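[1] Sharing a sequence plus its predicted fold:
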Amino acid sequence: MAKLNEYCPCGNAKPYTACCARYVEGNEPAPTAEALMRSRYTAYTLLKEDYLLETWHPTTRPTSLGLAEEVTTKWLGLEIKRHEKQDADHAIVEFVARYKVKGRAHRLHEASRFVREAGQWFYVDGDLD
Ligand SMILES: [Zn+2]
């Protein structure tokens with residue numbers, strides 16, 4: 001039986017190296033908004049702040065995320081609820097991410113907007129449920 005940690009943090013039933021790693025660490029652009037969403041969730045779990053900032057649209061990108069100070073966040077899982085392609089270069093991905101901070105469970109439910117420019121998808125912003 002496969003151990004849980006052989007699976008990618010994004011929830012796909014394949015190892016990180018065969019899933020999000022090629023986007024997070026391999027310079028390969030995520031082919032869809034959903035793939036970008038998954039890889040960004042994975043990047044949060046691995047504290048890959050550079051990748052999160054690179055894939056954040058310049059118009060809404062924060063200067064930093066301070067992830068190094070957030071090591072108390074334990075990410076528990078991602079569930080993609082909806083992937084809506086509005087046109088070739090705009091999409092909405094609705095998701096629920098579960099995490100714990102200091103033993104308390106939280107749930108982040110967001111509908112995120114993504115845009116593709118010059119072949120690369122970017123996270124723009126999102127509406128919290
Ligand atoms: Zn993945």
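    Great, that's in hand. Numbers count the residues shown, from 1 in each chain.
[2] Name the nearest residue to K85, sequence neighbours excluded.
    A91 (5.0 Å; C-beta to C-beta, 6 or more residues apart in numbering). C-betas here are computed from N, CA, C, even on glycine.
[3] do the same with Y44
    Using C-beta to C-beta, 6+ apart, the nearest residue to Y44 is W75, at 6.2 Å.
[4] and that neighbour, what element?
    In this structure, W75 sits in strand 73-87 according to DSSP states H and E.
[5] got the buried residues for the helix or strand that comes right after that strand?
    Later in the chain than strand 73-87, the nearest helix or strand by DSSP H and E is strand 90-101. Buried residues in strand 90-101, counting neighbours by 16 or more other C-beta atoms under 10 Å, are found at A91, I92, V93, E94, F95, A97, Y99.
[6] Partner strands of whichever strand or helix holds V115 and their direction?
    Element membership for V115 (DSSP H and E) is strand 104-117. Applying DSSP bridges, strand 104-117 is found paired with strand 90-101 (antiparallel), strand 120-128 (antiparallel).
[7] Identify all contacting residues around that strand.
    Identification of contacts with strand 104-117 by C-beta atoms under 8 Å, 6 or more residues apart in numbering yields 33, 36-37, 57, 76, 82, 88-100, 121-129.
[8] pLDDT averaged over the biggest helix by length in the chain - what is it?
    Taking DSSP state H as the criterion, the chain has its longest helix at helix 33-45. Average pLDDT, helix 33-45: 97.
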